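A.B. asks: pasting the structure only:
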């Protein structure tokens, strides 16, 4: 079968291509670096750059930074150079890296499981105001990103973060990134199993450990025992999903090999049930396979999903058991369908202890340092010391007494955070975009915020769950292929033949129920200015043509090209 644009190439083609040149797999003897990234990783571990940042670069300034540190190893400590202002999207793929680099950095604060105390959030807010020109974005992997960071200020920022138990260790780079977890772990009344101990054990044993600090590419982990399935497990390199084994009780089903970008692939089940106290060992085994067998020759084939595509889950599980765990895994059941169509925990919900958690929606994850500090103060004033971020760019305040809920909601709404948001505010997410990202082609954050406002004005009675994901380039950081309406940024021609910012449209993607990638209608592209008109038109047609209780994704899969245009 020929490969489609949305699938990795076939196993046969890959093996034929790799037979003569090798894929750079350490486990089969290919230790010679086959590209520049593998070379600089071999020369020096990414974790070692911290010493140079503290002792040399922060003292001598931006222009003292070695290029392999600047565009390589500094990522292991959460630092990317941001885009130089004024460079339009048409030059993104033309200019050399040094021409795109600004002398400022994006800094990613690692927040495993999305867990924050009010003190931690307040410190992030203070750092934002003091060092990052007030910027702060909640990402779709539960982190917070800051911009306009000077290299001279990085050691002081680390000191402030680490004083409250936060870090930027391996927030980026070819290493295990943040461990995403259920934001209601340990408190939700309907939870199958609390994955928090596994998140902590993996973090404590392996994050910052050189055993796994040189992987072929980034490695993404998700752990959740929520029946809502709130960590997008289908698109992570490894995910542990809460299930109940008929004989052994609550534990986790293991999924491997998911990922998006330009070759999207859904993870596959290994068919294995893992108890809570073995999750870290199984995780280490899977990461070990990736380290040793992953394809290091070409960066665009170095993610774990490509190895899984070639091996399949049966071989992958066999290698995991035989070579890494040295024991068989227990067969287990698949998860049930998600218990909710919304997976973000927005709204007011009772905890198992009788208190409440309150989930609220910023606009496309964009906040600012002053507001983060105000959220921390508001939570503390209502008796809470715990907050959570979500993979949908939302936030939660935990542990609120019933008689304080209404006051908290009023305080959040005064900050323009809605606890009962429209489907458009609730379901729209956006990546960083051209404002700061060197890979981006178009604007995303401001475009997403204005789109929300327009749709709320035009379709005030629309009440169906809907996701609109906006990405500034093809790399799918905002998960465009799995959204009801996915918008991939590119330059397009307007009605007058001018090249302007716009989007290729993907329709009907989904995770959870009937997971799959969105449909691309041939030639369907819209300019940024036309975007509100287009989305309004498609949603009106959906309401006119849908069958009873039909989801948007199901309608989009069967609708005519005319209805989707």
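C.D. replies: Yep, that arrived. These figures come from a predicted structure and were not determined experimentally.

A.B. asks: Is the residue of the chain most remote from its centre within a helix or a strand, and which one?
C.D. replies: Distance from the C-alpha centroid of the chain peaks at residue 496, with 37.0 Å (CA atoms, centre = their mean). Under DSSP states H and E, no helix or strand contains residue 496.

A.B. asks: quick one, what contacts it?
C.D. replies: For residue 496, the contact set (CB atoms under 8 Å, 6 or more residues apart in numbering) is empty. (C-beta placed from N, C-alpha, C; glycine too.)

A.B. asks: Could you measure from the closest residue to residue 465 other than its chain neighbours over to residue 430?
C.D. replies: The shortest distance from residue 465 to any non-neighbouring residue, by CB to CB, 6 or more residues apart in numbering, is to residue 341 (4.6 Å). Residue 341 sits 21 Å away from residue 430, going by CB to CB, to the nearest Å.

A.B. asks: and what of residue 471?
C.D. replies: 8 Å.

A.B. asks: what sits in contact with each of these two?
C.D. replies: Common neighbours of residue 471 and residue 430 (CB under 8 Å, 6+ apart) are 444, 478.

A.B. asks: so where do the strands sit in the stretch 51-200 of the chain?
C.D. replies: All strands of the stretch 51-200 of the chain, identified by DSSP state E, counting those that start in this stretch, fall at 79-83, 101-109, 115-117, 135-138, 144-149, 176-181.

A.B. asks: One more: the stretch 451-565 of the chain?
C.D. replies: Using DSSP E, counting those that start in this stretch, strands in the stretch 451-565 of the chain cover 468-471, 485-493, 499-507, 519-527.

A.B. asks: which of the ones you listed sits most buried?
C.D. replies: Highest mean neighbour count of these: strand 468-471, a mean of 28 (counted as mean count of other CB atoms under 10 Å).

A.B. asks: what's in contact with it?
C.D. replies: Here strand 468-471 makes contact (CB under 8 Å, 6+ apart) with 364, 424, 427-431, 433, 444, 447-448, 451, 477-480, 482-489, 503, 535.

A.B. asks: change it to 6 Å
C.D. replies: 427-431, 444, 448, 478-480, 483, 485-489 (CB atoms under 6 Å, 6 or more residues apart in numbering).

A.B. asks: Out of these, the closest to residue 354 would be?
C.D. replies: residue 427 (30.2 Å; CB to CB).

A.B. asks: and residue 307, how many residues sit next to it?
C.D. replies: Counted by other CB atoms under 10 Å, the residues lying close to residue 307 total 24.

A.B. asks: what kind of secondary structure is it in?
C.D. replies: Assigned by DSSP: H, G, I helix; E, B strand; the rest coil, the conformation of residue 307 is helix.

A.B. asks: Enumerate every residue touching it.
C.D. replies: 293-294.

A.B. asks: one step back: tell me which of the contacts of strand 468-471 is nearest to residue 284?
C.D. replies: residue 479 (26.9 Å).

A.B. asks: Distance of that closest one relative to residue 535?
C.D. replies: Taken as CB to CB, the span from residue 479 to residue 535 is 17 Å.

A.B. asks: Next: residue 62.
C.D. replies: From residue 62 to residue 535 the distance is 41 Å (CB to CB).

A.B. asks: Please identify which of the two sits among more neighbours.
C.D. replies: Per other CB under 10 Å, whichever of residue 62 and residue 535 has more neighbours is residue 535, with 23 against 16.

A.B. asks: worst-scoring helix or strand of this structure, pLDDT-wise?
C.D. replies: Among the helices and strands of the chain, helix 11-21 carries the lowest confidence by mean pLDDT, DSSP states H and E, at a mean of 44.

A.B. asks: where does the closest residue to residue 240 other than its chain neighbours land in three-state SS?
C.D. replies: Excluding its sequence neighbours, the residue lying closest to residue 240 (CB to CB, 6+ apart) is residue 252, at 3.8 Å. What three-state DSSP gives for residue 252 is strand.

A.B. asks: partners of residue 252 in the sheet?
C.D. replies: Taking DSSP bridges as the rule, residue 252 bridges to residue 242, residue 274.

A.B. asks: my read: residue 423 touches residue 460, true?
C.D. replies: No - taking contacts as CB atoms under 6 Å, residue 423 lies outside contact range of residue 460: 11.0 Å.
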